[in-house]
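Peer 1: model this:
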Amino acid sequence: MVKKTNVKSKKFYIIIATLCILSLHILDWTQTFNPTIQTNIEYLIILVILIAVPINPFYCSITIFIACILIYVIDDSYWITCYPFLFSIAIIAIYQGSILSACLAIIGTQLITILDSMHIILLSGLSYIGQPISLAWCIGTLIKNTIIIEQQNTKEAERESYRVHQINMLHILHDTIANDLVYTIIELRRVNTEITLLPMKKQIHNIIDILENALSQLRGIVIPSLKGQVLTTTDIAVHSSINTTLQVLSRNLEKMAS
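Peer 2: Next comes the predicted model:
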């Protein structure tokens, strides 16, 4: 249930983000002055891939990434700083990014900026390209880690809810069912001492045996098993009186029987 909810939530955000990038891409396209046929084809190719992003975000983002680089090599540097290209990097980072890679991207970009300021010809313009790329990667990594933390919190909340439910069941078993069994056995023993008819005494004795067996199973199997599944170290200290109380009641029953 948690996994399905998180997948739906992620897809919803990706759809919204894709629609925003589509709008910006179309806006850039319409504002291009006197576009050539080749330029229109390039915009159209990226547009079609963008539309498919919600279907398969990771592979479509890789496709946009590769397509933008190829168009950049063939035509114009705009395509490695455009919105779809940066969007594809952010999506890839959501799936493959890490804190280490984000730190390396920041350090690498700052290093290139410093070297670029020293007017090294080979690095000319790389800082202009590298900064938005590293920023997009860091944003994607941040989103990924936010999703992971949200998933962990949701799972922990569900585990805690289940544990509380099981502890409540443990209380019911101990405070209600076990105590009722003890009280019933005591009362049956008292009644049995007042009955003179032998057949009826045997029947009551059989009933007492059945109830004692149920109490023994509850005390020796059910409650310890349930406690072992749901209780933490602190809870065990708080609830340690369960077995102790049942043992005392059992000893009292044995004394009454003798």
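
Peer 1: name the residues of stretch 182-189 that come out as buried.
Peer 2: Buried residues in stretch 182-189, counted by 16 or more other CB atoms under 10 Å: 182, 185, 188. C-beta here means a position set from N, CA and C on the backbone, and glycine is covered the same way.

Peer 1: SS state for the last one?
Peer 2: To tie it back to what came earlier, the one meant is Leu188. helix (DSSP: H, G, I helix; E, B strand; the rest coil).

Peer 1: what's the burial count for the nearest residue to it once chain neighbours are set aside?
Peer 2: Nearest non-adjacent residue to Leu188, counting by CB to CB, 6 or more residues apart in numbering: Ile208, 5.1 Å away. By the criterion of other CB atoms under 10 Å, Ile208 has 19 neighbours.

Peer 1: what about Ile208, distance to Asn145?
Peer 2: To Asn145, Ile208 is 62 Å away according to CB to CB, to the nearest Å.

Peer 1: let me know the next secondary structure element after the helix or strand harbouring Val73.
Peer 2: If you go by DSSP states H and E, Val73 is part of helix 57-74. Sequence order places helix 83-96 as the next helix or strand after helix 57-74, per DSSP H and E.

Peer 1: can you spell out which helices and strands pack onto the lengthiest helix in the chain?
Peer 2: Criterion DSSP state H: the longest helix present in the chain is helix 126-171. Helix 126-171 sits against helix 2-30, helix 83-96, helix 99-117, helix 223-230, with contacts defined as 3 or more CB pairs under 8 Å, 6 or more residues apart in numbering; DSSP states H and E.

Peer 1: on that earlier part again, of all the buried residues of stretch 182-189, which comes closest to Asn213?
Peer 2: Distance to Asn213 across those (CB to CB) is lowest for Ile185, with 10.7 Å.
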